[in-house]
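Q: need the 3D shape of this:
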Amino acid sequence: MKTLQFEIQAVCPETGARAGLLHTAHGVVETPVFMPVGTQATVKGLTQKQLLEELDAKIILSNTYHLYLRPGHELVESLGGLHGFMQWPRAILTDSGGFQVWSLSQLRKLKEEGVLFRSHLNGDSHLFTPENVVDVQLALGSDIMMMLDECTDYPATPKAARKSMELTVRWAARGMSHYRERMKERQPRNALFPIVQGSIYPDLRRECAQSLLELDADGYAIGGLSVGEPRELSLEMTETAAPLLPADRPRYVMGVGMPEELPEYVARGVDMMDCVMPTRNARNGCLFTREGKLIIKQAQHRDDARPLDEQCRCYTCRTCSRAYLRHLFQAGEMAFSTLASLHNLTYYLDIMRRMREAILFGTFPAFLKTARSLAPVRTQP
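A: You can find the predicted model right below:
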């Protein structure tokens with residue numbers, strides 16, 4: 001019995017873009033979907049009420065590595081899992097922590113058993129294995145869990161990329177075996193996705209995807225992107241791997257992307273995406289609008305009474321002028337991060353909703369053409 005049901009409602013015949021419904025234990029998620037990142041069991045700058053009522057977010061992402069180190073998965077489990085701990089009633093995806101461990105390259109050591117790393121908080125040693133990463137995520141209680149993988153460095157030689165990819169495949173087999181044993185002792189509510197790796201080498205991406213198909217997972221992710229490679233290569237690797245993954249399962253590309261790139265990934269058959277960019281850029285004063293990026297600290301906004309985006313109906317654009325937002329940013333006021341994050345995430349989620357509508361109504365090719373004319377991306381499917 002599957003823990004996750006994915007219902008495809010429409011497919012664009014020209015591009016393969018899909019609109020669907022992802023049925024989780026905590027509600028239905030309409031796809032394609034962009035997941036706001038709540039690394040520490042919170043989306044930075046926003047309350048759960050804002051996520052629910054202003055953004056109507058159906059799913060968010062939290063980070064296994066950070067929550068494992070602080071406050072600890074045992075504590076989170078004792079307080080009702082992530083849903084009870086952070087009082088979030090809708091779906092949650094947790095990553096495996098593999099990307100964070102990869103980013104701590106000076107503090108970790110890879111072994112066949114797993115990855116030994118030192119906490120960035122206090123230097124204590126910890127070991128992540130394919131098995132205990134599943135256990136940690138089961139304690140967190142997320143609806144969708146990710147396999148432990150090795151995020152390959154960029155650039156990487158073909159030999160290094162193959163070694164890394166093959167380790168990821170072996171870890172995935174161990175993680176899935178452990179997960180299925182654990183599911184025998186509990187009601188299945190938590191899906192587990194393996195992750196396609198292979199760096200920038202199409203043959204390795206294909207080989208990894210084919211190997212992971214044997215696990216018959218509820219969904220599949222494509223990882224190891226947005227690690228410094230040119231964006232064209234990120235899209236090429238997605239285009240290589242996505243068609244090989246089961247058509248009746250959700251496909252998730254991890255850690256992407258810029259607003260203009262979202263339609264490009266959807267055009268390659270991707271259903272799920274996430275990225276810290278909307279909130280991180282917001283806190284740093286970079287706002288996304290239909291006219292392009294807006295850098296709020298620029299002097300031209302000092303006395304500008306207009307909203308950030310005339311077409312946006314988020315709370316920030318309904319109530320705040322550019323001049324006011326610039327003042328808050330220059331003054332270092334915390335309210336700026338909230339207002340800016342709310343706007344940027346609204347912008348991202350609105351793109352996803354318009355894409356979904358275009359797929360359902362058969363107008364996605366026109367949507368994609370318009371998107372490319374406004375912000376062209378060179379590599380096209």
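
Q: which residues does Glu113 contact?
A: 127, 129 (C-beta atoms under 8 Å, 6 or more residues apart in numbering). For every residue, glycine as well, the C-beta is placed using N, CA and C.

Q: shaky segments in the stretch 201-350 of the chain?
A: Regions of the stretch 201-350 of the chain meeting the criterion pLDDT under 70 are absent.

Q: need the helices for it, in chain order.
A: Along the stretch 201-350 of the chain, the segments classed as helices by DSSP state H, counting those that start in this stretch run 202-213, 231-241, 262-266, 277-283, 315-319, 322-330, 334-360.

Q: most tightly surrounded among the ones you listed?
A: helix 262-266 (a mean of 26; mean count of other C-beta atoms under 10 Å).

Q: how far off centre is it?
A: Between the centre of helix 262-266 and the centre of its chain there are 13 Å (C-alpha atoms, centre = their mean, to the nearest Å).

Q: swap in stretch 47-58?
A: 17 Å.

Q: ditto for stretch 85-103
A: 10 Å.

Q: beta-bridge partners for Glu7, please?
A: Beta-bridge partners recorded for Glu7 (DSSP bridges): Leu21.

Q: quick revisit: looking at the helices of the stretch 201-350 of the chain, which is closest to Glu181?
A: Proximity to Glu181, assessed across the helices of the stretch 201-350 of the chain by C-beta to C-beta, is greatest for helix 202-213 (19.0 Å).

Q: which helices and strands does that closest one pack with?
A: For helix 202-213, the contact count by 3 or more C-beta pairs under 8 Å, 6 or more residues apart in numbering; DSSP states H and E identifies helix 158-183, strand 195-196, strand 220-222, helix 231-241 as packing neighbours.

Q: JSON lines for the ones you listed, including distance to Asp143?
A: Output for the helices and strands packed on helix 202-213, formatted as JSON lines (distance: least, C-beta to C-beta, whole Å):
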{"stretch": "helix 158-183", "distance to Asp143": "14"}
{"stretch": "strand 195-196", "distance to Asp143": "17"}
{"stretch": "strand 220-222", "distance to Asp143": "14"}
{"stretch": "helix 231-241", "distance to Asp143": "23"}
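
Q: so which of these has the densest surroundings on average?
A: Taking mean count of other C-beta under 10 Å, strand 195-196 is the most buried of the helices and strands packed on helix 202-213, at a mean of 31.

Q: who touches that one?
A: 96, 98, 146-147, 149, 168, 172, 205, 208-209, 212, 220-224, 241, 245, 254.

Q: also stretch 169-184?
A: Under C-beta under 8 Å, 6+ apart, the answer for stretch 169-184 is 3, 112, 114, 129-131, 133-135, 138, 145, 147-150, 192, 194-195, 208, 211-212, 215, 217.

Q: likewise for stretch 81-91?
A: 22, 24-27, 29, 38, 41-42, 48, 51-52, 57-60, 62, 67, 76, 79, 92, 94, 139-144.

Q: now the residues you listed: which count as buried?
A: 22, 24-26, 29, 38, 41, 48, 51, 57-60, 62, 67, 76, 92, 94, 139-144 (16 or more other C-beta atoms under 10 Å).

Q: Asp149 reaches Asp95, doesn't it?
A: No: counting by C-beta atoms under 8 Å, Asp95 is not a contact partner of Asp149; they are 9.7 Å apart.

Q: just give the nearest non-adjacent residue to the most centrally placed residue in the chain, would you?
A: Centroid-nearest residue in the chain, with C-alpha atoms, centre = their mean: Asp274, separated by 2.3 Å. Leaving aside its sequence neighbours, Asp274 sits nearest to Met35 (C-beta to C-beta, 6 or more residues apart in numbering; 4.2 Å).

Q: how is this protein divided into domains?
A: 5-274, 276-366 (automatic domain parsing).

Q: got CSV for those domains, with distance to Leu374 too?
A: Listed next are these as CSV, based on distance: least, C-beta to C-beta, whole Å:
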stretch, distance to Leu374
domain 5-274, 7
domain 276-366, 8
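
Q: which of the buried ones among the contacts of stretch 81-91 fall in strands?
A: In strands, defined here by DSSP state E, the members of these are 22, 24, 29, 59-60, 62, 92, 94, 144.

Q: among those, which pair sits farthest apart?
A: Farthest pair in these, by C-beta to C-beta: Leu22 and Ser62, 17.1 Å.
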